[in-house]
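# Just the structure for this:
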Amino acid sequence: MENHSEQAGVLILRVWVEEGRPDGFRARIVRSGGRQQAPPTAVSAVDDVLIAVRAWLDQLLDPVPDPDG
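Numbers count the residues shown, from 1 in each chain. Reported below is the predicted structural model:
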């Protein structure tokens, strides 16, 4: 019987705009899954959100090394 490993993860993205400020965009990112747990991240730029999501997906989708070689 073949044994398949399954990886799963959760990414919670909370986004809000602080009115009255030109740099009012804010996001909090909470990630789990893959081989590492990451502490929550706070960012204030859309590009930083995209980078964090891409890194999380890359980590989750990275094949787990076979311990038997």
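# buried stuff in stretch 27-45?
Ala27, Ile29, Arg31, Gly33, Gly34, Ala38, Val43 (16 or more other C-beta atoms under 10 Å). Where C-beta positions appear, they are placed from N, C-alpha and C, glycine not excepted.
# Now do the same for that stretch: mean pLDDT, whole number.
In this model, stretch 27-45 has an average pLDDT of 84.
# Same question for stretch 60-69.
Averaging pLDDT along stretch 60-69 gives 66.
# So that it lines up with my notes, have the first residue be 496 from now on.
Will do, 496 is the new start, and the previous item becomes stretch 555-564.
# and which of the buried residues of stretch 522-540 is nearest to Arg509?
Nearest to Arg509 among the buried residues of stretch 522-540 is Ala522, at 6.7 Å by C-beta to C-beta.
# Surely that closest one and Val538 touch.
Yes - using C-beta atoms under 8 Å, Ala522 makes contact with Val538 at a distance of 5.1 Å.
# if I look at the two, which residues touch both of them?
Both Ala522 and Val538 are contacted by Val544, under the criterion C-beta atoms under 8 Å, 6 or more residues apart in numbering.
# Run through the residues that contact the residue nearest in space to the middle of the chain.
What sits nearest the mean C-alpha location of the chain, by C-alpha atoms, centre = their mean, is Trp551, with 3.5 Å. For Trp551, the contact set (C-beta under 8 Å, 6+ apart) comprises Gly504, Leu506, Ile524, Arg526, Gly528, Gly529, Ala533.
# ok, now Gly504?
The contact partners of Gly504, taken as C-beta under 8 Å, 6+ apart, are Arg526, Ser527, Gly528, Gly529, Trp551, Leu555.
# rerun that using 7 Å as the cut-off
The contact partners of Gly504, taken as C-beta atoms under 7 Å, 6 or more residues apart in numbering, are Ser527, Gly528, Gly529, Trp551, Leu555.
# picking up where we left off before, could you tell me which residues within the helix or strand in which the residue nearest to the centre of the chain is found count as buried?
Per DSSP states H and E, Trp551 falls inside helix 541-556. Neighbour counts over helix 541-556 (16+ other C-beta under 10 Å) mark Val544, Ala547, Trp551, Gln554, Leu555 as buried.
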